[in-house]
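Visitor: here is a sequence with its predicted model. Questions after.
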Amino acid sequence: MTYRRYRVWRTGRILGAVLVLVSLAFVAAGAAARAQQGADAPRKPVVADGVTAAGVPLAGLTQAQAEEKLQASLHRPVALAFRGETWRFAPQTLGASADVAAAARAALRAPEGTAVRVDIEVRQKRLRRWANRFARGFDTKATNARIVLRGLRPRATRSSFGQEVFTSSLRTTITSELRSNHRSRIAVPVKILRPRVTRRDLGPAIVIRRASNELFLYRGSGPKGMLVERKFGVATGMASYPTPLGSFTLVDKQRDPWWYPPDSDWAAGADPVPPGPGNPLGTRWMGLSEPLIGIHGTPDAASIGYSASHGCVRMLVPEAEWLFERVEEGTAVFILDA
């Protein structure tokens, strides 16, 4: 390296160092100026220590920050619970609203330790509509046990409980939770509906097989349905006056009944018959929910086992008396074409 080149190189290094120092000085001056400017700028006011609104601590927050925090708290969903199931609903859905901005401004002006009031409005008309909709999807009716026919055998169905929401109590509790800004889980207030008729309340059932002229009395319950207590031979309606098919109930029981001629061609000109040995109804009458049709005794024992009546079901007199003592009004009667 020559002396001249050495001097140029050394001079360049000196100039570069000077430029770096100048740049650093400018950066430092700018930072100092910005720091001074920040120190001189007015600071935003914040909420005093210990100040709360609707139970939410707001100390050290600006108005905007306080609004944001308060809004998040008030928008938390309300939880309803029943038997391990939970439903959550937004406060707006339940009719709640609040002036959060006014509450944040009040918090900013409040002295230390103040609990600022938040005006939370709950529109009761909207809450009532919501509660009614919720109840419609929640309520279930109690189901009574009843006797139904499965094939040729009657069977007792199970009863079940129902449930009904106390909507007025639910609205009161929800309103309190919303206005206090609490979010504890609310147990749905429910009235349990009991069935009026259970299996234990069910009595016997009668099944009449028209084609085979048989009457079965069923009682109790087994794995395949109710159990046969006794079977009888009967007479059912002739082809021109058939015994009706279907499901009926006993609606009328009479001892030693009178026989009154029905308004029918076959009984035209006949006179009423008082109780006694010649009465066409025997000594017992068990009327069905089908008008003018019933189960009764008969003095004509030879007709049993045949289609011989004018629609009624005839039994031997002692057997009709036995059955009469073991059934009540309301007993289910099924008449089948079997």
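Guide: Yes, it's here.
Visitor: could you list every residue that touches Leu316?
Guide: The neighbours of Leu316, taking C-beta atoms under 8 Å, 6 or more residues apart in numbering as the test, are 232-233, 297-298, 301, 304. Yep, even glycine has a C-beta here, placed from its N, CA and C like the rest.
Visitor: which of those residues tops the neighbour count?
Guide: Using other C-beta atoms under 10 Å as the neighbour test, the contacts of Leu316 are led by Gly297, with 25 neighbours.
Visitor: dump the contacts of Leu316 to a markdown table, plus pLDDT, secondary structure and distance to Asn132.
Guide: As requested, the contacts of Leu316 are exported to a markdown table (pLDDT from 0 to 100; DSSP: H, G, I helix; E, B strand; the rest coil; distance: C-beta to C-beta, whole Å):
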| residue | pLDDT | secondary structure | distance to Asn132 |
| --- | --- | --- | --- |
| Phe232 | 98 | strand | 54 |
| Gly233 | 98 | strand | 58 |
| Gly297 | 97 | strand | 57 |
| Thr298 | 97 | strand | 59 |
| Ala301 | 96 | helix | 64 |
| Ile304 | 98 | coil | 60 |
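Visitor: need those in JSON lines (columns: distance to Asp119).
Guide: JSON lines is the format used below for the contacts of Leu316 (distance: C-beta to C-beta, whole Å):
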{"residue": "Phe232", "distance to Asp119": "79"}
{"residue": "Gly233", "distance to Asp119": "84"}
{"residue": "Gly297", "distance to Asp119": "82"}
{"residue": "Thr298", "distance to Asp119": "84"}
{"residue": "Ala301", "distance to Asp119": "90"}
{"residue": "Ile304", "distance to Asp119": "86"}
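Visitor: for those, which one is nearest Phe248?
Guide: Distances from Phe248 to these, taken as C-beta to C-beta, are shortest for Phe232 (17.3 Å).
Visitor: flag every buried residue along stretch 271-279.
Guide: Residues of stretch 271-279 classed as buried under the neighbour-count rule (16 or more other C-beta atoms under 10 Å) are Asn279.
Visitor: what's next to it, contact-wise?
Guide: Counting by C-beta under 8 Å, 6+ apart, stretch 271-279 makes contact with 256-261, 280, 283, 299, all of which sit outside it.
Visitor: ok, now which ones touch Leu281?
Guide: For Leu281, the contacting residues are 257, 259, 294, 296-298, taking C-beta under 8 Å, 6+ apart as the criterion.
Visitor: which one is it nearest to, not counting chain neighbours?
Guide: Once flanking residues are discounted, Leu281 sits nearest to His296: 4.3 Å by C-beta to C-beta, 6 or more residues apart in numbering.
Visitor: so that neighbour lies in a helix, does it not?
Guide: No. Under the criterion used here (DSSP: H, G, I helix; E, B strand; the rest coil), His296 is strand, not part of a helix.
Visitor: tell me the contacts of it?
Guide: Contacts for His296 (C-beta under 8 Å, 6+ apart) come out as 257, 280-282, 284-286, 312-315, 320.
Visitor: just the contacts of Leu281 now: which is nearest Arg129?
Guide: Arg129 has its nearest neighbour among the contacts of Leu281 in Gly294, at 53.0 Å by C-beta to C-beta.
Visitor: returning to that earlier point: distance to Arg117 added to the contacts of Leu281, as TSV?
Guide: Formatted as TSV, those follow (distance: C-beta to C-beta, whole Å):
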residue	distance to Arg117
Pro257	81
Trp259	85
Gly294	77
His296	81
Gly297	85
Thr298	88
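Visitor: what ranges does the stretch 151-300 of the chain have for its helices?
Guide: Counting by DSSP state H, counting those that start in this stretch, the stretch 151-300 of the chain has helices at residues 167-180.
Visitor: per-residue confidence for Gly311?
Guide: At Gly311, the model reports a pLDDT of 95.
Visitor: next, count neighbours for His75.
Guide: Burial of His75, expressed as a neighbour count using other C-beta under 10 Å, amounts to 13.
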